[in-house]
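Here is the input, now give the coordinates:
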Amino acid sequence: KSFTWDELDTITAKVKGKATWEYAGLIWFVKNGIDVRAIRMFDDARFIRDGVEYIREFAGDEVAAWQGSHSDIPQEQRLAGEFAALVKAEIRVPTREDIIEALHAGHVPTCDINSYVLSGRGGYDGHTVVVIGYDESGFLLNDPGLPPREARHVAYDLFEKAWGYPDEKSKFLAIFSQKV
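Residues are numbered from 1 along each chain as shown. Below you'll find the predicted structure:
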């Protein structure tokens with residue numbers, strides 16, 4: 001299925017001038033018959049209660065400042081509660097092997113990354129990519145950009161730095177599959 005930008009903005013609960021988080025999109029997928037498996041250390045209950053202060057504790061000042069100024073935190077807290085009621089996240093650090101296993105099973109893995117790391121810049125810009133394959137040296141990503149890039153090859157070491165930014169516990173993996 002193809003979507004218009006307006007439809008995608010609705011699905012992701014886009015707020016004009018703000019970044020989107022994964023919650024609204026994940027909720028939409030679940031409500032439309034797609035299984036979602038989430039693997040991460042992020043504590044939804046703490047985020048719902050403490051907002052940016054929890055982000056600061058979890059990921060540091062840089063990420064908290066970026067999210068605080070680029071996100072509608074009250075909306076994301078509400079969506080986090082709705083997501084947590086629909087999907088029981090696996091509370092652990094996801095691994096490269098989790099991604100590869102998902103690909104082998106015919107599922108669609110997505111990862112939250114720091115796009116600045118992928119483009120060799122300093123700083124932080126939250127972003128989500130779809131992993132579509134891998135080889136001996138790295139992953140193939142469909143990267144919505146900007147600019148968008150299909151089948152972008154990213155070496156494992158660079159991918160790990162972008163995915164585990166600012167540290168390993170910050171990794172987030174969502175795996176999509178059809179309900180059986």
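
Ramachandran angles for L173?
When read as degrees, to the nearest 10, the backbone of L173 gives phi -130, psi 130.

and it, how many residues sit next to it?
Using other C-beta atoms under 10 Å, L173 has 22 neighbouring residues. In this view, the C-beta of every residue, glycine as well, is placed from N, C-alpha and C.

Leaving out chain neighbours, which residue sits closest to it?
Leaving out its chain neighbours, the residue that sits closest to L173 by C-beta to C-beta, 6 or more residues apart in numbering is P94, at 3.7 Å.

buried ones in stretch 88-97?
Neighbour counts over stretch 88-97 (16 or more other C-beta atoms under 10 Å) mark 89, 93-94, 96 as buried.

same thing with stretch 47-58?
For stretch 47-58, the neighbour count (16+ other C-beta under 10 Å) marks 47-48, 51-52, 54-56, 58 as buried.

farthest-separated two in these?
Across the buried residues of stretch 47-58, the longest distance by C-beta to C-beta is 15.3 Å; it joins I48 and R56.

next SSE after the longest helix along the chain?
Longest helix in the chain by number of residues, with DSSP state H as the criterion: helix 73-86. Helices and strands here follow DSSP states H and E; after helix 73-86, the next one along the chain is strand 90-91.

residue boundaries of the strands in the protein?
34-40, 90-91, 108-114, 126-134, 138-143, 149-155, 172-178 (DSSP state E).

which residues touch the residue most central in space within the chain?
Central residue of the chain (C-alpha atoms, centre = their mean): D112, 3.1 Å from the mean position. The contact partners of D112, taken as C-beta atoms under 8 Å, 6 or more residues apart in numbering, are 22, 126-128, 163, 171-172.

Quick check: K18 vs H127, distance?
14 Å (C-beta to C-beta, to the nearest Å).

Neighbour count: the two, which is higher?
Set K18 next to H127 and count neighbours by other C-beta under 10 Å: H127 wins out with 20 against 15.

Show me what stretch 120-137 is in contact with.
So stretch 120-137 is contacted by 19, 22, 62-63, 66-67, 70, 99-100, 102-103, 108-116, 118, 139-144, 151-153, 155-156, 165-166 (C-beta under 8 Å, 6+ apart).

With stretch 17-36 instead?
By C-beta under 8 Å, 6+ apart, stretch 17-36 touches 11-14, 38, 67, 70-72, 76, 79-80, 82-83, 86-87, 110, 112, 126, 128, 172, 174-179.

of the residues you listed, buried ones?
11-14, 38, 67, 71-72, 76, 79-80, 83, 87, 110, 112, 126, 128, 172, 174-176.

Give me the distance between the two termini of stretch 149-160.
Start to finish, the residues bounding stretch 149-160 are 19 Å apart (C-alpha to C-alpha, to the nearest Å).

Contacts for it next, please.
By C-beta under 8 Å, 6+ apart, the list of residues contacting stretch 149-160 from outside reads 96, 113, 117-118, 129, 132-133, 135, 137-143, 162.
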